[in-house]
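Participant: from the sequence below, what's the structure:
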Amino acid sequence: MPRYLWAVLALLPATAAAQDAAAAALWRVASTTLAVPPALATGGAAALWNAAQPDPTARIVASIELVRTPPELGVGGPLAAGRARVPTLGALGLVYGRLEVKDLVRTSDSPEPAGPSVPYYTQVVGAHWTRAIGRATVGALLAHHDTQLDADRTQRWTLDLGARASLLGERLEVAAATHFFSWSDAAEAARDVYLGAAYRVPLGSPWDGRERAVLSLRYGAAVAHGFDADQFAGVGVGLGDLFAADLMVAREGGYAEGGWRPVGAIRVGVGRYRLAFARDAGTNGIGSAYRVGLEMRVP
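Facilitator: Next up is the predicted model:
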């Protein structure tokens with residue numbers, strides 16, 4: 001049995017041997033670093049979770065993020081995205097992500113490595129479109145997936161749709177999105193439907209200027225993946241593009257013992273750059289994952 005494989009697959013709500021389940025295990029490691037419900041995620045490579053991203057005020061937006069776990073799991077990899085405004089069409093872009101388990105070795109009748117390491121990775125590259133229509137935003141992501149676990153390798157295409165809308169004078173935001181849906185594969189382990197809502201409370205400006213502080217109360221869920229719904233609840237404070245802090249608790253519906261897992265994130269804006277850091281506290285004795293990111297906006 002490859003070392004650490006069960007520890008990685010323990011992140012799955014249900015054990016499965018299919019390649020789609022193996023890929024889903026890695027992508028759910030990345031999703032644990034989201035400090036907002038996935039349907040409400042914005043910035044960076046958030047189009048991987050909701051294709052409907054807010055219309056950028058900048059002409060070009062590019063980002064790079066890095067996901068890492070403790071060495072005992074050895075999961076990590078980059079997430080990258082870029083998009084540009086196109087007159088009359090909205091925004092067009094590309095997204096890329098790759099997650100892999102390193103140092104996954106074979107063993108026989110002793111704990112010593114036997115033979116070459118076991119390749120275990122999943123990667124996705126996709127084309128992304130999003131557009132604002134009144135108070136709503138819609139989007140689509142067409143993506144190609146490549147997954148390998150040991151000698152087995154599969155490839156597939158997915159098409160995801162997302163939408164979000166502002167209500168009550170932009171105080172209430174509701175969002176919904178599909179995640180990694182494929183018309184050629186009905187495997188539930190690899191897909192999700194995300195739902196989310198956020199209520200914003202203006203706090204005024206801490207000093208004379210245009211930036212205003214906003215308190216956000218959020219709730220979300222992930223369903224349609226073959227096990228009990230995941231639930232997310234959190235709060236965030238933002239000061240325009242200058243600063244944001246988010247705290248959320250998440251409950252993975254597939255774990256027999258349940259329990260809530262906390263995750264937090266901060267973002268700081270410096271000129272045309274946005275720096276972000278997020279980290280969860282781990283669950284079921286599995287160490288925490290973290291994500292760092294840098295986003296650049298070109299006016």
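
Participant: how many residues are close by residue 253?
Facilitator: Using other Cβ atoms under 10 Å, the number of residues around residue 253 comes to 15. Just so you know, the C-beta spots here come from the backbone N, C-alpha and C atoms, and that holds for glycine as well.

Participant: ok, and the closest non-adjacent residue to the spatially most central residue of the chain?
Facilitator: Nearest to the mean C-alpha position of the chain, by Cα atoms, centre = their mean, lies residue 31 at 4.2 Å. Leaving aside its chain neighbours, residue 31 sits nearest to residue 38 (6.2 Å; criterion: Cβ to Cβ, 6 or more residues apart in numbering).

Participant: do you know the pLDDT at the residue nearest to the centre of the chain?
Facilitator: Confidence at residue 31, expressed as pLDDT, is 91.

Participant: and the gap between the residue nearest to residue 31 and residue 179?
Facilitator: 7 Å (Cβ to Cβ, to the nearest Å).

Participant: what's the overlap in contacts for the two?
Facilitator: By Cβ atoms under 8 Å, 6 or more residues apart in numbering, residue 38 and residue 179 have these common neighbours: 49, 192, 194, 222.

Participant: in this structure, which spans are strands?
Facilitator: 60-68, 75-86, 90-101, 120-133, 136-149, 152-167, 172-179, 192-204, 213-223, 230-239, 243-251, 261-270, 273-280, 290-298 (DSSP state E).

Participant: isn't the residue nearest to residue 31 up against residue 180?
Facilitator: No. Contact criterion Cβ atoms under 8 Å: residue 38 and residue 180 do not qualify, at 11.5 Å.

Participant: circling back: correct me if wrong: the residue nearest to the centre of the chain contacts residue 39.
Facilitator: No. Between residue 31 and residue 39 there is no contact under Cβ under 8 Å: 11.6 Å.

Participant: overlap in contacts of these two?
Facilitator: residue 49.

Participant: ok so, going back, quick one: common contacting residues for residue 38 and residue 180?
Facilitator: Common neighbours of residue 38 and residue 180, using Cβ under 8 Å, 6+ apart, are residue 192.

Participant: give the bridge partners for residue 62, please.
Facilitator: Going by DSSP bridges, residue 62 is paired in beta bridges with residue 82, residue 296.

Participant: err, residue 179, not the other one
Facilitator: Beta-bridge partners, per DSSP bridges, of residue 179: residue 192.

Participant: mind pulling the model confidence for the residue lying closest to residue 194 once chain neighbours are set aside?
Facilitator: Distances taken as Cβ to Cβ, 6+ apart put residue 39 closest to residue 194, at 3.8 Å, once the chain neighbours are dropped. We have a pLDDT of 97 for residue 39.

Participant: ok, now the one 5 residues further on?
Facilitator: Residue 44 is assigned a pLDDT of 89 by the prediction.

Participant: report how many residues lie close to the closest residue to residue 279 other than its chain neighbours.
Facilitator: Leaving aside its sequence neighbours, residue 279 sits nearest to residue 290 (Cβ to Cβ, 6+ apart; 4.0 Å). Neighbour count of residue 290, defined by other Cβ under 10 Å: 19.

Participant: quick one: contacts for residue 290?
Facilitator: Residue 290 makes contact with 33, 67-68, 277-280, according to Cβ under 8 Å, 6+ apart.

Participant: next one: residue 51
Facilitator: 128-130, 139-141, 160-162, 177.

Participant: highest neighbour count among those?
Facilitator: Using other Cβ under 10 Å as the neighbour test, the contacts of residue 51 are led by residue 141, with 29 neighbours.

Participant: for stretch 138-154, output the C-alpha coordinates as CSV.
Facilitator: Provided in CSV are the C-alpha atoms of stretch 138-154 (Å, rounded to 0.1, in the frame of the first residue of the first chain):
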residue,chain,number,x,y,z
VAL,A,138,-23.1,35.0,-14.9
GLY,A,139,-20.2,32.9,-16.0
ALA,A,140,-19.0,29.7,-17.6
LEU,A,141,-15.9,27.6,-17.4
LEU,A,142,-14.9,25.0,-19.9
ALA,A,143,-12.1,22.9,-18.5
HIS,A,144,-9.9,19.9,-19.4
HIS,A,145,-8.9,17.6,-16.5
ASP,A,146,-5.9,15.2,-16.4
THR,A,147,-5.5,12.8,-13.5
GLN,A,148,-3.0,10.1,-12.7
LEU,A,149,-2.9,7.7,-9.8
ASP,A,150,-0.1,5.1,-10.2
ALA,A,151,-0.5,3.4,-13.6
ASP,A,152,-4.0,4.7,-14.2
ARG,A,153,-4.5,7.9,-16.0
THR,A,154,-7.8,9.5,-17.2
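
Participant: what's in contact with it?
Facilitator: For stretch 138-154, the surrounding residues in contact (Cβ under 8 Å, 6+ apart) are 2, 19-20, 22-23, 47-48, 50-53, 95, 118-131, 155-163, 180.
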